[in-house]
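Colleague: Can you look at this prediction? I've put the sequence above it.
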Amino acid sequence: MGSITSKWYLHFALGNEELRRGNFDAAILAYKNADAEEPNKAEVLASLGYAFLITRNLIEAEKFYKKCLAVDPNFHDAWLHYGISRLYQNDFENAEKLFDQCLLIKPNSFLALRARGECLAQLNRLPEAKDCLTQALKVQPSFTETKVDLATLYLHSSKAKEAKANLAEVIQEDPKNQRAFVLMQSLNRTESCI
């Protein structure tokens, strides 16, 4: 005899599928239906927050992240995406605190390390930003965008040689990486003017 799937979970699964397809309004509706069937499920609240984050409705996103964290204070993705919401609003100090909380739960969270590095760079704490991005690369060495982030940081730290080495590596690994290509062109133009 098979098990009966809970109604809330069916709505939740539908929300996940709609989110995957890019149907954000339908995903939000499905998640809200899941929450109505079984209130205060951390995964539903976090998913609602994420759907609102994607649509840039940051007030609603943060409302659901707070609810999720009240239910489960160790919900990694809620801390991560709450931090990203703050990052989108250029609230770098609070975003950093949220990423720190995320990293207490999951110390090798690549996304939290990368986002924290971005916060630190924006706060002009460049050595700490470099450490964060370097640590993120150790966790996820194949993610070329972090290497471009690090190259950008090197440029802002007047370390053109290191920036160029990073960009050359990215272009070799990912020849279609526009950020790396544009940054390398800019760097080459600057060098030719000197």
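Modeller: The structure has been received and is ready for your questions. Numbering: from 1, shown residues only.
Colleague: only C-alpha atoms for contact and neighbour calcs from this point on.
Modeller: Noted.
Colleague: contacting residues around the spatially most central residue of the chain?
Modeller: The residue lying closest to the centre of the chain (CA atoms, centre = their mean) is Leu111, at 5.0 Å. Contact criterion CA atoms under 8 Å, 6 or more residues apart in numbering gives Leu80, Ala136 as the residues in contact with Leu111.
Colleague: helix or strand for it, which one?
Modeller: Using DSSP states H and E, Leu111 maps to helix 110-122.
Colleague: Kindly format the C-alpha coordinates of that helix as PDB.
Modeller: Extracted as PDB, the C-alpha positions of helix 110-122 are listed here (Å, rounded to 0.1, in the frame of the first residue of the first chain):
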ATOM      1  CA  PHE A 110      30.400  28.900  -1.600                       C
ATOM      2  CA  LEU A 111      27.600  31.400  -2.300                       C
ATOM      3  CA  ALA A 112      27.800  32.900   1.200                       C
ATOM      4  CA  LEU A 113      31.600  33.300   0.900                       C
ATOM      5  CA  ARG A 114      31.400  34.900  -2.500                       C
ATOM      6  CA  ALA A 115      28.600  37.300  -1.400                       C
ATOM      7  CA  ARG A 116      30.400  38.200   1.800                       C
ATOM      8  CA  GLY A 117      33.500  38.900  -0.300                       C
ATOM      9  CA  GLU A 118      31.400  41.300  -2.400                       C
ATOM     10  CA  CYS A 119      30.100  43.000   0.700                       C
ATOM     11  CA  LEU A 120      33.600  43.400   2.100                       C
ATOM     12  CA  ALA A 121      34.800  44.900  -1.200                       C
ATOM     13  CA  GLN A 122      32.000  47.400  -1.200                       C
END
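Colleague: what about that helix, distance to the chain center?
Modeller: Relative to the centre of its chain, helix 110-122 is centred 9 Å away, using CA atoms, centre = their mean, to the nearest Å.
Colleague: So which residues of the protein form helices?
Modeller: According to DSSP state H, the chain carries its helices in the segments 7-21, 24-37, 42-54, 58-71, 76-88, 92-105, 110-122, 126-139, 144-156, 160-173, 178-193.
Colleague: Need the contact partners of stretch 115-126.
Modeller: 84, 87, 92-93, 95-96, 99-100, 128-133, 153, 157.
Colleague: How far off centre is it?
Modeller: Counting by CA atoms, centre = their mean, stretch 115-126 comes out at 14 Å from the chain centroid.
Colleague: Equivalent analysis for stretch 147-160, please.
Modeller: Centroid separation between stretch 147-160 and its chain, computed with CA atoms, centre = their mean, is 20 Å.
Colleague: ok, now stretch 163-180?
Modeller: Distance, centroid of stretch 163-180 to centroid of chain: 21 Å (CA atoms, centre = their mean).
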